[in-house]
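Undergrad: got a sequence here, can you model it:
(chains A, B, C and D)
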There are 2 protein chains.
Amino acid sequence: MSDLEGISPLTLNRLSVYLRCLRHLQVAGVRRVSSQALAERYLLSAHQIRKDLAQFGEFGIRGVGYDVDDLAQHLTTLLGLDRLYRLLIVGMGNLGNALAHYLGFNQGAFRVVAAVDRDPERVGRDMGTFRVYHVDELAAVVRRSGAEIGVLAVPAEAAQENYDALVAAGIRAVLNFAPARVKRTAEVPLKNVDLRINLEEVAFVLRQGELRGEAGGEGEGEG
Amino acid sequence: MSDLEGISPLTLNRLSVYLRCLRHLQVAGVRRVSSQALAERYLLSAHQIRKDLAQFGEFGIRGVGYDVDDLAQHLTTLLGLDRLYRLLIVGMGNLGNALAHYLGFNQGAFRVVAAVDRDPERVGRDMGTFRVYHVDELAAVVRRSGAEIGVLAVPAEAAQENYDALVAAGIRAVLNFAPARVKRTAEVPLKNVDLRINLEEVAFVLRQGELRGEAGGEGEGEG
DNA sequence: AGATGTGAATGAGTTCACAGCT
DNA sequence: AGCTGTGAACTCATTCACATCT
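TA: As a prediction, the model looks like this:
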């Protein structure tokens, strides 16, 4: 069991998906589920679910299946979602706003504690659960707010400098949404998320379908 | 060469990245680049760049490297980015707005031609290059605008029904940003992009760092 | 019986080493 | 000499078959 060090990013992402599905089942009042039922309901692979889970212990009951609450709890601790992560959004334009308000960036294990921007128009704004500060105050904001994860939602040109500033300010990890390949330092983990790449992927399979006289693509992926 | 059918999504995404890097070099006035130079500049693998490119022909010059313009052109056609794709945004909340205005969803090969929403507040709004219609008019909007790719930026609960509506309306491909596992029909390719999963991944590596006494994570990924 | 957990088999993807051009 | 293109080695990931447990 365990081997918590060497989980592959692919497995890790699937575990997140499983947890999302289990939460969904919890809300629906389902208490037990088999790998097969889970797979069918959410378009996954039963084999893979079992393989992925087995890597970390025996969470199921043979002949029966998995206890939904129990498994959800296990995955939550495994993924490290049993505590709070404080987020700082860098760049409160359209994207920063969307991330802050939408899609669970302010739910469960994650809380947006502050934002910074360089536009005086936006600085000082009260966003309800957090406020917008000037980017020059970054270090102080990180310290006072206790922010651990920085979310870059700035234009491509500004991405690297803001990553560097976040590192200097003592942030612990960074998620970059700017369409730029930011270079990380040894100490502060970074994940580049390029939204446009997904669009290009979809466009490609669409085009493939066209070229071979409309039969529909194959892919159904992840983000 | 070619084998354009069986490109793996991973390769495909890397090709998009290469193209992005080449465009960057073009702007900087660089005319020739070796796989190694490209790899060093953008934190890639020279071996992999060559392998990926070689799959489709001989784009380089041995002993010299690649012609930047030339390779960019090749990749553009290869990825199918040599024509225009018309986008329709479903859901003009924070996220829909952000996608429409930011990050290249309205640049190059992609153009947002229309949006739909069910909130009367938003319906009728003129977004400059496109307008917001009521979701009930979806079929007519798709037909008139010639939209091919639908971008779902609605709450999780509404994702599946809106995908189905898009399919019924004759859309050709869908990109889903709602945190829900939408099921695709055979004909209309779908890509689910879950923004939160990236956050969970970063949180995980951050926590790993903590648990083994701060050494910084390893991962440096993709979206 | 029925579903999990696991080792073995298959397949995909990446890295390497070097042959082949320029 | 230098850098690409490629077949072979290797590593990683997924799928399968079945032993194991309730």
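
Undergrad: mind checking how far residue A:47 is from residue A:147?
TA: Remark: distance between residue A:47 and residue A:147 (C-beta to C-beta, to the nearest Å) = 40 Å. Yep, even glycine has a C-beta here, placed from its N, CA and C like the rest.

Undergrad: which one's more surrounded, those two?
TA: Here residue A:47 and residue A:147 are set side by side on neighbour count (other C-beta atoms under 10 Å in any protein chain shown), and the busier one is residue A:147, at 28 against 11.

Undergrad: so residue A:133 is in which element?
TA: Secondary-structure element containing residue A:133, defined by DSSP states H and E: strand A:132-134.

Undergrad: on contacts alone, who are the packing partners of that strand?
TA: strand A:110-117 (3 or more C-beta pairs under 8 Å, 6 or more residues apart in numbering or on different chains; DSSP states H and E).

Undergrad: buried residues in stretch A:33-52?
TA: Counting neighbours by 16 or more other C-beta atoms under 10 Å in any protein chain shown, one finds that the buried residues in stretch A:33-52 are A:33-35, A:38-39, A:41-42, A:44, A:49-50, A:52.

Undergrad: and the helices in chain A?
TA: Secondary structure of chain A, counting by DSSP state H: helices at A:9-27, A:35-42, A:46-54, A:68-78, A:94-101, A:138-145, A:156-169, A:195-211.

Undergrad: and those, which is most packed in?
TA: Sort these by mean neighbour count, taking mean count of other C-beta atoms under 10 Å in any protein chain shown, and helix A:94-101 sits at the top with a mean of 23.

Undergrad: burial of residue A:5, as a residue count?
TA: Residues lying near residue A:5 (other C-beta under 10 Å) number 9.

Undergrad: gap between the residue lying closest to it once chain neighbours are set aside and DNA strand C?
TA: Of all residues beyond its chain neighbours, the one nearest residue A:5 is residue B:208 (7.1 Å), with distances taken as C-beta to C-beta, 6 or more residues apart in numbering or on different chains. Using C-beta to the nearest atom of the strand, to the nearest Å, residue B:208 is found at 20 Å from DNA strand C.

Undergrad: and residue B:208, what's its pLDDT?
TA: Looking at residue B:208, its pLDDT is 89.

Undergrad: same question for residue A:102.
TA: Model confidence at residue A:102, given as pLDDT, is 74.

Undergrad: so it makes contact with residue B:93?
TA: Yes: using C-beta atoms under 8 Å, residue A:102 is in contact with residue B:93, at 6.8 Å.

Undergrad: higher neighbour count, the two?
TA: Just comparing residue A:102 and residue B:93: by other C-beta under 10 Å the higher neighbour count belongs to residue A:102, 22 against 17.

Undergrad: what about residue A:57, how many neighbours?
TA: Using other C-beta under 10 Å: residue A:57 sits among 11 other residues.

Undergrad: who's in contact with residue A:165?
TA: Taking C-beta atoms under 8 Å, 6 or more residues apart in numbering or on different chains as the contact definition, residue A:165 lies against A:135, A:138.

Undergrad: do residue A:180 as well
TA: The contact partners of residue A:180, taken as C-beta under 8 Å, 6+ apart, are A:156-157, A:159-160.
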